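Asker: A predicted structure for the sequence below; I have some questions about it.
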Amino acid sequence: MKLTKEIPVHIFREYDIRGIYPKDLQEDISYTVGRSFGSILKKSGQKDCIVGHDNRLSSPSLTNSLIAGITDSGIDVLDLGLTTTPMYYYACIKKEIPRGIMVTASHNPKDDNGFKIAFDEKGNAKGKEIQDFYQFTIQGNFEEGKGNVQKIDVRNDYIECLTSKIDIKRPLKVVVDCGNGTTSILVHDVFQLPNLEVIYLFDESDPTFPNHHPDPSVDENMVQLSSKVKEEKADLGIAFDGDGDRVGVVDNLGRMIRMDVFMALFVKSLKEKVSNPKFLYDVKCGMSLQKTLLQEGVEGVMVRTGNSYTRAYTKEYDCILGGEYSGHIYFRDKFLGFDSGLYAGLRILELLSEEDKTLAEMVDQIPHFFATPEIKIPTSDEKKFQVIEKIKQYVLEKNYPFSEIDGIRIDFKDSWALVRASNTGANLTMRVEATTEEEENRLKKEFEEKIREYNDF
């Protein structure tokens with residue numbers, strides 16, 4: 001393999017490396033990233049790391065070149081092969097090796113790929129760590145050596161970790177949609193539990209994603225799951241993203257459950273497990289969760305979006321549950337605190353089995369507001385931050401109360417709006433929520449018009 005200095009800076013994003021294969025990301029870049037990563041480990045006195053990859057078409061070749069770069073720097077590699085991102089996290093914990101690289105582009109389009117990188121026990125690199133890694137990589141001052149590669153298999157232990165403390169107390173029928181993503185390699189063994197009747201959709205691993213895009217936070221990707229739930233008169237439906245770290249849920253009426261509502265469902269049961277319960281959520285989450293926390297007297301912590309951040313903050317702030325609107329959920333009561341779509345799916349099944357209500361009835365008990373889904377607006381990586389700055393100037397001129405945790409979030413008494421720059425693509429994202437449909441539509445119109453004016457893309 002050969003090194004390259006032709007590495008586009010834009011693929012080094014806020015919390016991972018991600019680009020289009022082979023336009024932005026090729027095997028020589030992967031090899032160079034491996035040399036850079038291995039050199040940093042060697043300089044810090046480390047000897048080994050863990051590597052895994054998802055089921056994308058480009059993942060095996062990118063992984064092979066990445067591993068070659070790491071071992072040519074003198075670092076040993078424990079190779080998981082084809083795996084979900086959560087199983088990679090589990091392997092790092094079980095082997096007590098907190099450093100490694102997961103080759104994945106998560107929920108991005110099928111031609112994308114990338115690297116989630118962890119240098120130490122702090123977890124996935126983010127922000128300045130990623131930019132510092134880019135600067136080190138393009139300088140090319142790499143170590144040399146000859147590391148070894150060892151294949152490892154944690155599948156059975158991981159399945160035991162997911163299922164051993166789950167108790168489905170009454171019979172339930174569930175439809176499970178893998179979206180042809182990487183969870184397909186595990187899902188049948190995980191959901192083989194007492195009291196579960198499981199109907200599977202798109203449970204064959206297929207990196208062309210022929211049935212729908214594997215992103216359960218997008219309504220159109222949940223249409224087939226919703227229809228199947230209603231057709232089968234199932235108790236609920238569960239879906240996963242491409243690498244298995246996110247979850248999506250529909251209730252027995254086929255309605256999509258937003259993740260802030262999903263978290264709100266757990267507030268009452270989890271607050272009884274610890275003396276000082278705290279819940280963590282990102283800026284895209286809304287008033288259903290906030291009002292539920294207030295009603296139950298439980299502390300909530302709002303943080304920026306990005307699972308590298310939210311996972312780390314959930315641990316740092318000692319929260320019993322953390323999560324993102326996009327579907328990353330972190331349970332810390334009887335689980336290890338990383339985001340696993342499979343585990344989150346098991347937990348909602350367990351919670352439902354403890355109630356004599358339908359999931360729709362449970363959801364309807366959560367405070368309801370009028371909210372948009374996450375609206376994505378195409379732009380460019382260069383322009384998206386300029387638009388955010390103009391939105392900031394606009395809200396200052398209007399004297400709106402706002403925060404800058406992540407983008408611009410405007411919080412009124414009975415409504416809020418968020419405009420932020422996506423860290424995983426060339427998009428601006430917007431959410432609006434209000435106590436009345438009229439106010440929701442008014443806020444949505446106001447900020448959509450401003451984004452179009454400032455974006456002009």
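Answerer: Received, thanks.

Asker: C-alpha from now on. contacts and neighbour counts both.
Answerer: Fine.

Asker: Quick check: residue 419 touching residue 408?
Answerer: Yes. Residue 419 is in contact with residue 408 according to Cα atoms under 8 Å; the separation is 5.4 Å.

Asker: quick one, helices of the protein?
Answerer: Applying DSSP state H to the chain gives helices spanning 27-43, 59-71, 85-94, 128-139, 155-163, 187-190, 223-232, 259-271, 287-296, 307-316, 341-353, 359-364, 384-397, 437-455.

Asker: Now tabulate those helices in TSV and tack on mean pLDDT.
Answerer: Below are the helices of the chain laid out as TSV (pLDDT from 0 to 100):
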stretch	mean pLDDT
helix 27-43	98
helix 59-71	98
helix 85-94	98
helix 128-139	96
helix 155-163	98
helix 187-190	98
helix 223-232	98
helix 259-271	96
helix 287-296	97
helix 307-316	95
helix 341-353	98
helix 359-364	98
helix 384-397	96
helix 437-455	95
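
Asker: Turn these into CSV, including mean neighbour count.
Answerer: Output for the helices of the chain, formatted as CSV (neighbours: other Cα atoms under 10 Å):
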stretch, mean neighbour count
helix 27-43, 25
helix 59-71, 24
helix 85-94, 22
helix 128-139, 16
helix 155-163, 16
helix 187-190, 16
helix 223-232, 18
helix 259-271, 20
helix 287-296, 18
helix 307-316, 20
helix 341-353, 22
helix 359-364, 16
helix 384-397, 16
helix 437-455, 16
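
Asker: Show me where the stretch 101-250 of the chain dips below the pLDDT cut-off.
Answerer: Scanning the stretch 101-250 of the chain for pLDDT under 70 picks out no residues.

Asker: Which residue is the nearest non-sequential neighbour of residue 226?
Answerer: Of all residues not flanking residue 226 in the chain, residue 254 sits nearest, at 4.4 Å (Cα to Cα, 6 or more residues apart in numbering).

Asker: my guess is that neighbour contacts residue 231, does it?
Answerer: No. Look at residue 254 against residue 231 with Cα under 8 Å: they stay out of range, at 9.5 Å.

Asker: Residue 174: which of the helices of the chain is closest?
Answerer: helix 223-232 (7.6 Å; Cα to Cα).

Asker: neighbouring contacts of that closest one?
Answerer: 174-177, 201, 235-239, 250, 252-256 (Cα atoms under 8 Å, 6 or more residues apart in numbering).

Asker: if we can go back for a sec, please say which of residue 419 and residue 408 ends up with more neighbours.
Answerer: residue 419 (27 against 21; other Cα atoms under 10 Å).

Asker: got the contact list for that one?
Answerer: Counting by Cα under 8 Å, 6+ apart, residue 419 makes contact with 388, 391, 407-409, 428-431.

Asker: now the helices of the chain in JSON lines, with distance to residue 108?
Answerer: Shown next, in JSON lines, are the helices of the chain (distance: least, Cα to Cα, whole Å):
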{"stretch": "helix 27-43", "distance to residue 108": "18"}
{"stretch": "helix 59-71", "distance to residue 108": "13"}
{"stretch": "helix 85-94", "distance to residue 108": "14"}
{"stretch": "helix 128-139", "distance to residue 108": "19"}
{"stretch": "helix 155-163", "distance to residue 108": "25"}
{"stretch": "helix 187-190", "distance to residue 108": "21"}
{"stretch": "helix 223-232", "distance to residue 108": "19"}
{"stretch": "helix 259-271", "distance to residue 108": "19"}
{"stretch": "helix 287-296", "distance to residue 108": "27"}
{"stretch": "helix 307-316", "distance to residue 108": "15"}
{"stretch": "helix 341-353", "distance to residue 108": "16"}
{"stretch": "helix 359-364", "distance to residue 108": "29"}
{"stretch": "helix 384-397", "distance to residue 108": "18"}
{"stretch": "helix 437-455", "distance to residue 108": "23"}
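
Asker: so which of the contacts of residue 419 would you say is closest to residue 262?
Answerer: Checking these against residue 262 with Cα to Cα, the nearest one is residue 431 at 17.3 Å.

Asker: okay, now the closest one: neighbour count?
Answerer: By other Cα under 10 Å, the residues close to residue 431 number 24.

Asker: Quick check, it in contact with residue 370.
Answerer: No. Look at residue 431 against residue 370 with Cα under 8 Å: they stay out of range, at 11.0 Å.

Asker: Run through the residues that contact the residue nearest the centre of the chain.
Answerer: Geometric centre of the chain, nearest residue: residue 328, 4.3 Å, by Cα atoms, centre = their mean. Listed by Cα under 8 Å, 6+ apart, the contact partners of residue 328 are 245-247, 307, 339-341.

Asker: quick one: the closest residue to residue 36 other than its chain neighbours and residue 172, what's the gap?
Answerer: Excluding the flanking residues, the one nearest residue 36 by Cα to Cα, 6+ apart is residue 137, at 5.3 Å. Counting by Cα to Cα, to the nearest Å, the separation of residue 137 from residue 172 is 51 Å.
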